[in-house]
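**Q** turn this into a model:
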Amino acid sequence: MLKKILLVLEGRVAEDFLRNLLIRSNPHNSYITVSNEKSIITLLRHQEEFEFHCFDPTSAFKLIPLLSKEILDAFIILENKKEGKEVYRLLRHYSQRMSIILLGEHQQNNDANLTIITETPLVAAHFIERVPNIPMIAKDIGLGDGEIMQVNIPFGSSFAYRSIGSILQNNWKIVSVYRDGKMMLAKYSLILKPNDALLMVGEPEVLLEIHRSINEELGQFPFPFGKNLVLYCDCHYENENEVDISIQESLYIHKNFKGKKLYIRIIHPQNPTRIESIRKLEKDDIDVTVQYHSMPLNKIIESDKNTLSSGLVIIKNHLFMQTRIRKTINRLNIPVLSLGNGDIQHLKGCSVLLGDNTQEGEKISSIAFDVASQLRQPLILYDFAPDLHYHIQSIEHYESMAKVFNSKLEVITTDMENPILWLMRHPDILGIFPFTRDMAKRHFFTPLTTNLNKLSLHLITSHKLYIPITK
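**A** Residues are numbered from 1 along each chain as shown. Take a look at the predicted model:
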């Protein structure tokens, strides 16, 4: 939700505050700025999220028309303290609810919605900390450049209900988690929850990007696994028609998902003329690479992980069936879209199948809703219980998540049709499955297992999305 914030600025402190705000600003904020100073005007030139007005802010005739019910936060940073008090009086007369941060002097304050900041050396930092959607940065320890940051996880965040181990952490790390007044050291298997506060260290620019992603709602996948989508086509195992279909499917996914770039990797090409045609797809957000060397596909995937920031691997089902490829992708913690035979552009829904291990199904809930929303499809929760003991707790978990994300959820409960058979009869539904370490092992790959996630590997004709999780 877009927050409108009023800024009344003048003086050196105001200028320092504004410089910091421009560095760390959030796309969910818009600012109405009032100032008479040329230095402020210069800083705000070409800043789209700032609406600028140049006049004396103590003029009620000019200030009041700028206000609206959407403005719930105001910052008054004026060198002239008397003028600051006058602007405060005008704003408070307009609204009793508005939260006002005022640069002023020590005085008795009976206004619960007023914060007066007086310590000159820390003024700019204090103002920054109170701007909505702006991270808290350590100033008195370390370098003080933003390499230590604390961020809260809001409801609806793509980080909620994720294990720390499933989050790609290149050039940054989650050090600890604060929950219910207690500190927990970051562990690979720790599941993050809404209202958790994360203490993070890393490169300042990277942390700012992570902060923005944490505060985003649905529409972030494949982040935080990685930034880009990578399609692998091996011409030793796929004919030209299959390669063409895989490319079209990946272009559709790229169009709908948030991935910044699509990399198309053609391995062992057979037809130079066809390759030239594929190369014509290249543009700023699509890269085509042809690899003639004999390096195994799993080694290519491993090499690409860091160089391409792979957030989603797209690959045909029969290639994903290869144990060494499954092992490599699982070890690298990359989600996999395993392509079947149907047309993914004509999907009618996404599904999660509830099996014996309901915790695994709950761990992928936020990703499942995210994927369904980006594909503009309803999410179907299929609960199969031959003994009629349905997984009520998991169903309630998904129903509450649907309310948080404001998403469509259809719940199917049955004691009759096995979910794998149901999915086989619906090739127009994308199955979303947890991807655990034991699913990559050869000796578990058997039709005799009753584990739905492992059985899903046999669905050669169906499209499936596998989300890596930890036990």
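**Q** what stretches of the stretch 201-350 of the chain score poorly on pLDDT?
**A** Within the stretch 201-350 of the chain, the ranges that satisfy pLDDT under 70 run 216-218, 259.
**Q** ranges for the helices of it?
**A** Ranges of helices within the stretch 201-350 of the chain are 204-215, 240-256, 272-279, 297-308, 317-320, 323-331, based on DSSP state H, counting those that start in this stretch.
**Q** for the stretch 251-400 of the chain, which segments count as strands?
**A** 262-267, 286-291, 310-316, 336-339, 349-354, 379-384 (DSSP state E, counting those that start in this stretch).
**Q** residue 200: what's it in contact with?
**A** Residue 200 sits next to 148, 149, 150, 151, 172, 173, 174, 175, 207, 210 when contact means Cβ atoms under 8 Å, 6 or more residues apart in numbering. To be clear about C-beta, it is placed using only N, CA and C from the backbone, and glycine gets the same treatment.
**Q** please apply the same query to residue 186.
**A** Residue 186 neighbours (Cβ under 8 Å, 6+ apart): 164, 173, 174, 175, 176, 177.
**Q** just the element for the second one, please.
**A** The one in question is residue 173. Using DSSP states H and E, the element containing residue 173 is strand 172-179.
**Q** contact partners of that strand?
**A** Residues contacting strand 172-179 (Cβ under 8 Å, 6+ apart): 150, 164, 167, 183-186, 190, 192-193, 195-203, 206-207, 210.
**Q** now list the buried members of the contacts of residue 186.
**A** Using 16 or more other Cβ atoms under 10 Å as the burial test, these include 164, 174, 177 as buried.
**Q** for the first one, give me the pLDDT.
**A** On the pLDDT scale, residue 164 is placed at 85.
**Q** contacts only, for it.
**A** 174, 177, 186, 187, 188, 189, 190, 192.
**Q** now with 7 Å?
**A** 174, 186, 187, 188, 190, 192 (Cβ atoms under 7 Å, 6 or more residues apart in numbering).
**Q** same thing with residue 324?
**A** Residues in contact with residue 324 (Cβ under 7 Å, 6+ apart) are residue 298.
**Q** thinking again about what came up before, identify the farthest-apart pair in the contacts of residue 186.
**A** Largest separation among the contacts of residue 186 by Cβ to Cβ: 173 and 177, giving 12.2 Å.
**Q** just to revisit the earlier point, tell me the mean pLDDT over the strand holding residue 173?
**A** 92.
**Q** list the pairing partners of the very next helix or strand once past it within its sheet, with orientation.
**A** With elements assigned by DSSP H and E, the helix or strand that comes after strand 172-179 is strand 182-185. Strands adjacent to strand 182-185 in the sheet, as given by DSSP bridges, are strand 172-179 (antiparallel).
**Q** want to throw the helices of the stretch 201-350 of the chain into JSON lines with distance to residue 74?
**A** Converted to JSON lines, these look like this (distance: least, Cβ to Cβ, whole Å):
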{"stretch": "helix 204-215", "distance to residue 74": "21"}
{"stretch": "helix 240-256", "distance to residue 74": "39"}
{"stretch": "helix 272-279", "distance to residue 74": "55"}
{"stretch": "helix 297-308", "distance to residue 74": "45"}
{"stretch": "helix 317-320", "distance to residue 74": "55"}
{"stretch": "helix 323-331", "distance to residue 74": "50"}
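**Q** nearest to residue 416, out of those helices?
**A** Relative to residue 416, the nearest member of the helices of the stretch 201-350 of the chain by Cβ to Cβ is helix 317-320, separated by 26.9 Å.
**Q** distance check, the residue sitting furthest away from the middle of the chain against residue 58.
**A** The outermost residue of the chain, judged against the average C-alpha position, is residue 82 (44.6 Å), by Cα atoms, centre = their mean. Distance of residue 82 to residue 58, computed by Cβ to Cβ, to the nearest Å: 9 Å.
**Q** what's the angle between the strand holding residue 173 and helix 204-215?
**A** For strand 172-179 against helix 204-215, the angle by axes from the mean of the first three to the mean of the last three Cα atoms, to 10 degrees is 40 degrees.
**Q** send over strand 172-179 as PDB, restricted to the C-alpha atoms.
**A** C-alpha atoms of strand 172-179 as PDB (Å, rounded to 0.1, in the frame of the first residue of the first chain):
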ATOM      1  CA  TRP A 172      24.900 -10.900   2.800                       C
ATOM      2  CA  LYS A 173      23.900 -13.100   5.700                       C
ATOM      3  CA  ILE A 174      21.000 -13.400   8.200                       C
ATOM      4  CA  VAL A 175      22.800 -13.400  11.600                       C
ATOM      5  CA  SER A 176      20.000 -13.600  14.100                       C
ATOM      6  CA  VAL A 177      16.200 -13.500  14.300                       C
ATOM      7  CA  TYR A 178      14.300 -11.600  17.000                       C
ATOM      8  CA  ARG A 179      10.900 -13.100  17.900                       C
END
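**Q** chain center to it: distance?
**A** The chain centroid and the centroid of strand 172-179 are separated by 17 Å, computed with Cα atoms, centre = their mean, to the nearest Å.
**Q** may I have the beta-bridge partners of residue 354?
**A** Taking DSSP bridges as the rule, residue 354 bridges to residue 383.
**Q** rewinding a little: CSV for the contacts of residue 200, including distance to residue 345?
**A** Converted to CSV, the contacts of residue 200 look like this (distance: Cβ to Cβ, whole Å):
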residue, distance to residue 345
148, 45
149, 40
150, 42
151, 37
172, 36
173, 39
174, 37
175, 43
207, 37
210, 32
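**Q** just the buried subset of those, written out for PyMOL, thanks.
**A** Entered in PyMOL, the line below selects the buried ones among the contacts of residue 200, by 16+ other Cβ under 10 Å:
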select buried, resi 148+149+150+151+172+174+207+210
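**Q** nearest to residue 11 among the contacts of residue 200?
**A** Nearest to residue 11 among the contacts of residue 200 is residue 149, at 27.8 Å by Cβ to Cβ.
**Q** strand partners of the host helix or strand of the closest one, parallel vs antiparallel please.
**A** Assigned by DSSP H and E, residue 149 falls within strand 148-152. Using DSSP bridges, the strands paired with strand 148-152 are strand 136-137 (antiparallel), strand 197-202 (antiparallel).
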